[in-house]
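Visitor: Sequence and computational prediction follow.
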Amino acid sequence: MSIDYVTVKQEDLTQMLHSESFRKRLNTVALGTVRTGLEYGFGVYRDLEDGTINYTKVIRGKTDQINLRGAPELARLRNACDNGRMHLLLDLHFHPDEYGFPIPSDEDLEELEESIYGLNDRPILTVGQVDRRGRGQLLHLQRRITGDQLGLNAPLMIDLYDRLCEADSALTMMDVVNAIEIPGFAACDYSTFEMTRAKSPCMLDRVPDWEKFAYEARADRHRLGGYP
Ligand SMILES: [Zn+2]
């Protein structure tokens, strides 16, 4: 059966963020990064037919990078995406730096572009950071323009890369969001949480405005041929 539309509602994203599965993994990756100085992360995939959420295992990266899609155990999910049965909802990883804000690197953005399975997919790139006291923040970024409009918006894509560099000088997370966000092209917001030392789910503090990230699009399974 083919799916005609991809629908991601505000409540879908709220439910995901509050779920125990998400908060447990969030706590595990935050703790892993704090303890080792390595990047940890996981991915969230959604079944297009029944909306079921699938989480990948927690993946360990290096000090300055992580490959969230290359892990062999994710082959099943990648195939499901290629077959149009699932789509990537969100990719999350932590940066080890204890200071400063969680700002996606150019490489993060490039990887996100490469992970777009269908012309109309709009996966969310989430970068996390946590301090030694366990106070954490997540920056969520999503490209709102889909594949068929992308060629026309190449200048905006370059603008987005420039904005990521400029965000380094921001003073608050809200400044980071304002520096990165490009209305109609790149949605951005942040959330905060409290890490726990035990293996229990972390506590959410600030929740992002998920309405900015909601969308409905025609499900089109043609892979993007890379970004120009
Ligand atoms: Zn990164």
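Guide: Everything's here; your move.
Visitor: So which bits of the chain are right by the ion?
Guide: For the chain, the contact set with the ion under CB under 5 Å from the ion comprises 105, 108. All C-beta spots, glycine's among them, are computed from the backbone N, C-alpha and C.
Visitor: at 6 Å what do you get?
Guide: 93, 95, 104-105, 108, 127 (CB under 6 Å from the ion).
Visitor: Tell me who's in contact with the residue lying closest to residue 56 once chain neighbours are set aside.
Guide: Spatial nearest neighbour of residue 56, chain neighbours left out: residue 43 (4.4 Å); criterion: CB to CB, 6 or more residues apart in numbering. Residue 43 makes contacts with 55-56, 68-69, 74, 77, 88, 90-92, as judged by CB atoms under 8 Å, 6 or more residues apart in numbering.
Visitor: Select only the buried ones of the residues you listed in ChimeraX?
Guide: To isolate the buried ones among the contacts of residue 43 in ChimeraX, judged by 16 or more other CB atoms under 10 Å, type:
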select :55,56,68,69,74,77,88,90,91,92
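Visitor: Restrict stretch 86-95 to CA atoms and write it as PDB.
Guide: In PDB, the C-alpha atoms belonging to stretch 86-95 read as follows (Å, rounded to 0.1, in the frame of the first residue of the first chain):
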ATOM      1  CA  MET A  86       9.100   5.000   7.200                       C
ATOM      2  CA  HIS A  87      10.600   8.400   7.400                       C
ATOM      3  CA  LEU A  88      13.200  10.000   9.500                       C
ATOM      4  CA  LEU A  89      11.500  12.300  12.000                       C
ATOM      5  CA  LEU A  90      14.400  13.500  14.100                       C
ATOM      6  CA  ASP A  91      18.100  12.900  14.500                       C
ATOM      7  CA  LEU A  92      19.700  13.800  17.900                       C
ATOM      8  CA  HIS A  93      23.300  14.000  19.000                       C
ATOM      9  CA  PHE A  94      25.300  15.700  21.700                       C
ATOM     10  CA  HIS A  95      28.400  17.900  21.400                       C
END
